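> Whatever this is, show me its structure:
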Amino acid sequence: MNQSIDINNREELRRLLMTLEPDTVPLWGKMTPQQMVEHLVDQVQWTNGKKIPTCDVSAEKAERSKRVMIYTDAQIPKNVFLGDLPEQYQYPDIEAAINQLMMELDEFDRHFKEPGITCIHGGFGPMNHNEWVIWHNKHFTHHLRQFNLI
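Just a heads-up that it's a prediction; the model follows:
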């Protein structure tokens with residue numbers, strides 16, 4: 001499956017996510033469908049002005065990582081483990097989580113309306129709107145593949 005998702009095509013993104021059943025088993029990893037959607041909500045909030053990110057690596061390492069992950073066709077590897085999964089859901093059901101994700105993406109668009117805005121990625125440093133779209137596309141694609149949606 002070489003297909004990828006474009007976060008700017010919100011109608012298609014919503015359509016795909018709405019096909020998830022709460023008990024859909026991922027092809028890899030331990031996330032439930034709702035945990036995955038809530039994870040995407042959280043990640044977009046770091047890029048739309050709601051949360052204040054910091055870069056956790058040196059500027060040199062961030063630039064090297066950004067060159068590889070943003071400016072190449074490199075994909076996020078399966079089974080990347082970046083911390084414990086939350087024990088409780090943030091939203092009452094998966095549909096509510098999907099609706100929140102769509103609102104956060106709208107806020108992402110509004111946040112980057114002003115020219116010259118950048119937002120920090122914890123491993124890649126400051127990124128502009130275009131770089132964030134590339135990263136979100138890769139990240140969303142990774143998780144949609146995880147649940148066999150694309």
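> His143 contacts His39, doesn't it?
Yes: the pair His143 / His39 is scored as a contact, 7.3 Å apart, by C-beta atoms under 8 Å. Every residue, glycine included, has its C-beta placed from N, CA and C.
> Name the residues contacting each of the two.
Met31 (C-beta atoms under 8 Å, 6 or more residues apart in numbering).
> okay, the two: which has more neighbours?
The neighbour comparison of His143 against His39 (other C-beta atoms under 10 Å) goes to His143, with 22 against 18.
> Please, which helix or strand holds that one?
Under the criterion of DSSP states H and E, His143 resides in helix 129-146.
> Please name the nearest non-neighbouring residue to Lys138.
Ile76 (6.0 Å; C-beta to C-beta, 6 or more residues apart in numbering).
> Same question for Gly125.
Per C-beta to C-beta, 6+ apart, closest to Gly125 is Ala62, 3.6 Å.
> How about Ile7?
His136 (4.8 Å).
> Phi first, then psi, for the nearest residue to Gly122 once chain neighbours are set aside.
Distances taken as C-beta to C-beta, 6+ apart put Asp56 closest to Gly122, at 4.8 Å, once the chain neighbours are dropped. Backbone torsions of Asp56, given as degrees, to the nearest 10, read phi -100, psi 10.
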